[in-house]
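1. no sequence on this one, just coordinates:
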């Protein structure tokens, strides 16, 4: 790769002159400018941004760390981050920890495993001098990611960092579940079963709270035996649907579209139909929701907006607008989800 | 950020000594080594890999350029690349061009749009001195990505570069469609309709060729009026299913699972069922395929293997093992897909 010095030598000018021309500074004759730019073009010289960053101490680069870009929620958040960064003149670079690919779900509680992958990644982003970092979690939980003495501005997206100085951007699980249950009640359903994810999961707990609040407001008794936990996947939900449909529920609120898939499959086996015999609602609005027959009524995750908001508060930090807020209390921003009506919740 | 020089000053040794300790070279007393390592730990000094790369002219870093990581095929390929890179001791960094997010499908033919995004990205990867680049296309086509004088070893994944020096890694569309049609024929179907993607698309053309070969081998006349094109999406396929089911086909081969979704929806409206009244096959084995009721028989894309193979031939280039092969003819590697049997193709 040709260097700036070589360009300077070939044009018989100083490296500073070449640099001035590249940075659009005046004080260079038109003739020299022309000659240098032609040489740059001919020799294929490319300014080295990282080396520039090393000098200026600013790279205009945001590092994105994804726990796993194969998680269905992650590409949408990455897209939101990147489009907003581009608008604001920041470049981005993605590091993918591949945590689910490595260890499925056996790593959440294993700090040393987690840090064996995370720490070199933080080191590397530090070493290329990113101006800020956005960490994208695969699901909501409390993460020991950024140590107290971590120096680069950072934001946690889709989870909470145990370091209170790191702002978090989350979805509003409780309000979203509340909205769905209110809708189901408005369609005449009062005996509403629930198929939740993992029992100790923040998403599960918050959505259950939304369910309970809606029931309470409507004067409906909460029957804990209608709450089943299927661990997020289709197979488990198929099994739980069997149990739930032995009771007299008229509707099932599934905390994931994938789990609604298990309910649909069970109904099909029994010759029943969602939206006709039993109302079924999902959560996530994954691609699959619109392929269900009938289409699945569900809640869309605000992935793009999580990305935008994360950048927004990261830039606030980077540009010093957040000093006070950070000292006062941990900053958590809850982004509302969007209700998506299709045909799986009938009126009774 | 503390520098190597500051560490050296604080320990009262030369920067070279600190560097030797970090690089595990002998010739340093145990006492000095201990003192320096403690200072490094306490001060939080991190070696700067990029600066090291600038000196060594090797960063052990592979750049990954994705046309759009939100394309459903891309995360699987990225995962395949990263897992293999890690095995081989290479770090990776991802740049996302966001082409579909920016312009949906209106950019394929617009070279200046395309290069307005691509060129700065190549420049940036050049500037951080990646040792090699893997480009991940969103779908198979001929791409003018790497110019003839491009100096960094590169591989095109999931498409073909117009520069014959760049090896391509592709799926074997023809063989995969052939296998599916042979299977449908083995189940007794001889009147098999096709819902293709876009008509001029390489995937569409190659899969159609596989269909024709299977028919020819089985002595079945090719009826061109049974070939419909729906542009890859559910809606179009729903419309084409209407037309196709006016004929006497007993089976429909859809070139995408999403399009099979449109056929399922139309069948449902007519009170018909896939795998009972009409056989339906998909392609891609997207997540949705296993949520269809009944489950969709389809073809799984070898995304991880595309990633692995791309790294493999990139390292061959980087380490000089490919010089000869590159001079002989453009290198194209076709990876076989995997047949996935579920319940949507019944025996008649």
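-> Sure thing, it's come through. Given the structure is predicted, the values throughout are model-derived calculations rather than measurements. Numbering: from 1, shown residues only, chains lettered A, B, ... in the order given.
2. can you give me the helices for chain A?
-> A:4-11, A:15-22, A:30-43, A:49-56, A:74-87, A:99-103, A:111-127, A:173-186, A:202-217, A:234-244, A:257-269, A:303-318, A:323-328 (DSSP state H).
3. In contact with the residue most central in space within chain A, which residues are there?
-> Geometric centre of chain A, nearest residue: residue A:77, 4.2 Å, by Cα atoms, centre = their mean. Contact analysis of residue A:77 by Cβ atoms under 8 Å, 6 or more residues apart in numbering or on different chains lists A:136, A:157, A:158, A:303, A:304, A:306, A:307, A:310. Every C-beta, even on glycine, is put in place using the N, C-alpha and C of the backbone.
4. Please report how far the last one lies from residue A:157.
-> When you say that, I think you mean residue A:310. Noted for residue A:310: a distance of 5 Å to residue A:157, by Cβ to Cβ, to the nearest Å.
5. so what sits against both of these two?
-> In contact with both residue A:310 and residue A:157: A:77, A:81, A:134, A:169, using Cβ under 8 Å, 6+ apart.
6. What subset of these is buried?
-> Neighbour counting by 16 or more other Cβ atoms under 10 Å in any protein chain shown classes A:77, A:81, A:134, A:169 among the shared contacts of residue A:310 and residue A:157 as buried.
7. Could you identify the most distant pair in these?
-> Greatest spacing in these, by Cβ to Cβ: A:81 and A:169 (10.4 Å).
8. what touches both of the two?
-> A:157, A:310.
9. Okay, the residue nearest to residue A:266 when sequence neighbours are not counted and chain B: tell me how far apart.
-> Distance criterion Cβ to Cβ, 6 or more residues apart in numbering or on different chains; nearest residue to residue A:266, sequence neighbours excluded, is residue A:241 at 4.1 Å. Note on residue A:241: its distance to chain B, by Cβ to the nearest Cβ, to the nearest Å, is 13 Å.
10. what's the distance between residue A:241 and residue A:194?
-> Distance from residue A:241 to residue A:194, by Cβ to Cβ: 12 Å.
11. Overlap of the contact sets of these two?
-> residue A:252.
12. Quote the end-to-end distance of stretch A:339-348.
-> Start and end residues of stretch A:339-348 are separated by 20 Å (Cα to Cα, to the nearest Å).
13. got the buried residues for stretch A:161-172?
-> For stretch A:161-172, by 16+ other Cβ under 10 Å, it's A:161, A:163, A:165, A:166, A:167, A:168, A:169, A:170, A:171, A:172.
14. Nearest to residue B:339 among those residues?
-> Closest to residue B:339, out of all of the buried residues of stretch A:161-172 and judged by Cβ to Cβ, is residue A:171, at 38.4 Å.
15. mind checking how far that closest one is from residue A:334?
-> 7 Å.
16. With residue A:106 instead?
-> 29 Å.
17. What backbone torsions are found at residue A:277?
-> phi -90, psi -40 (degrees, to the nearest 10).
18. The closest residue in space to it that isn't next to it in sequence: neighbour count?
-> Nearest non-adjacent residue to residue A:277, counting by Cβ to Cβ, 6+ apart: residue A:267, 7.0 Å away. A count of nearby residues for residue A:267, using other Cβ atoms under 10 Å in any protein chain shown, gives 22.
19. okay, the helices of chain A, which one's buried deepest?
-> Across the helices of chain A, averaging neighbours per residue (mean count of other Cβ atoms under 10 Å in any protein chain shown) puts helix A:257-269 on top, at a mean of 24.
20. related to what we said a few turns ago, got the buried residues of stretch A:161-172 as a markdown table, with distance to chain B and pLDDT columns?
-> Output for the buried residues of stretch A:161-172, formatted as a markdown table (distance: Cβ to the nearest Cβ, whole Å; pLDDT from 0 to 100):
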| residue | distance to chain B | pLDDT |
| --- | --- | --- |
| A:161 | 19 | 94 |
| A:163 | 16 | 93 |
| A:165 | 17 | 92 |
| A:166 | 18 | 95 |
| A:167 | 23 | 95 |
| A:168 | 23 | 95 |
| A:169 | 19 | 97 |
| A:170 | 21 | 96 |
| A:171 | 19 | 96 |
| A:172 | 23 | 96 |
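21. Between the residues you listed, which sits nearest residue A:318?
-> Of the buried residues of stretch A:161-172, the one sitting nearest to residue A:318 (Cβ to Cβ) turns out to be residue A:167, at 12.1 Å.
22. quick one: contacts for the closest one?
-> With Cβ under 8 Å, 6+ apart, residue A:167 has these contacts: A:155, A:156, A:313, A:317, A:322, A:326, A:330, A:331, A:332, A:333.
23. now residue A:125
-> A:63, A:65, A:93, A:95, A:133, A:152.
24. Could you list the low-pLDDT ranges of the stretch 51-200 of chain A?
-> By pLDDT under 70, the low-scoring segments of the stretch 51-200 of chain A are A:51-57.
25. Sounds good, over and out.
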